[in-house]
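In: Give me the fold of what follows.
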Amino acid sequence: MLLLSVSLLLLALAIGGLGWLLRRRIHLPRGRVLDEDMSSARASPPLSASRYSLIGRPDYLIRQGEAIIPVEVKTAFAPRSPYPSHVMQLIAYCLLVEETFGLRPPYGWIRYRDRSFQVEYTPELREELLRVLASMRRDLERGEAHRQHHAPARCRACGFRTICEESLV
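Out: Below you'll find the predicted structure:
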């Protein structure tokens, strides 16, 4: 019985240590990982907010006390400040957390390859997201959307470049 107890204790310590090492390696904020979308084994459905016609899955959901923090992981090196599109994506995840769990996250987290950014979930950013979503819905209703950048590299990486009439490449 003593051997079984010691074995279970060592196993628990090993699992805890592995989680600690993983969190340190990818620089997640402190807290308990509630959900993750970085592996191929998806167990939980995506978050959804039906009144905004919004659905999505952040790379991680971290519980910090009563708060649930969405984390978006990017493979690129960090810019000086997060790209506006990445901020809007993160704010969308904050809105999804708010709608799904009834808890407004104080912030979200963007993790680039070499640096992380904490982005406050402010009423102003939430309103900006709602304006962007409304604009996207109008484009959908009109049946057209125009390119909103002048970056050939973005066009090269776009999945629609072969059918896009505004492609830069």
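
In: Tell me which stretches of the chain form helices.
Out: For the chain, the helices defined by DSSP state H cover 2-26, 84-101, 123-142, 152-157.

In: Tell me the gap between the last one and the middle of its chain.
Out: For helix 152-157, the separation from the chain centroid amounts to 22 Å (computed by Cα atoms, centre = their mean, to the nearest Å).

In: Residues touching that helix, excluding its own?
Out: For helix 152-157, contacts defined as Cβ atoms under 8 Å, 6 or more residues apart in numbering pick out 147, 161, 164, 167, 168, 169. For every residue, glycine as well, the C-beta is placed using N, CA and C.

In: picking that back up, and the helices of the chain, which one is worst for confidence?
Out: Lowest mean pLDDT within the helices of the chain: helix 2-26, at a mean of 48.

In: count of residues packed around residue 87?
Out: The tally of other residues near residue 87 (other Cβ atoms under 10 Å) stands at 19.

In: How about it: what's its closest non-neighbour residue?
Out: residue 119 (5.7 Å; Cβ to Cβ, 6 or more residues apart in numbering).

In: got it, and residue 49?
Out: The shortest distance from residue 49 to any residue other than its chain neighbours is 3.7 Å, reached at residue 99 (Cβ to Cβ, 6+ apart).

In: Quick one: list the elements packing against the longest strand along the chain.
Out: Longest strand of the chain, by residue count under DSSP state E: strand 67-73. For strand 67-73, the packing partners by 3 or more Cβ pairs under 8 Å, 6 or more residues apart in numbering; DSSP states H and E come out as strand 60-64, helix 84-101, strand 107-111.
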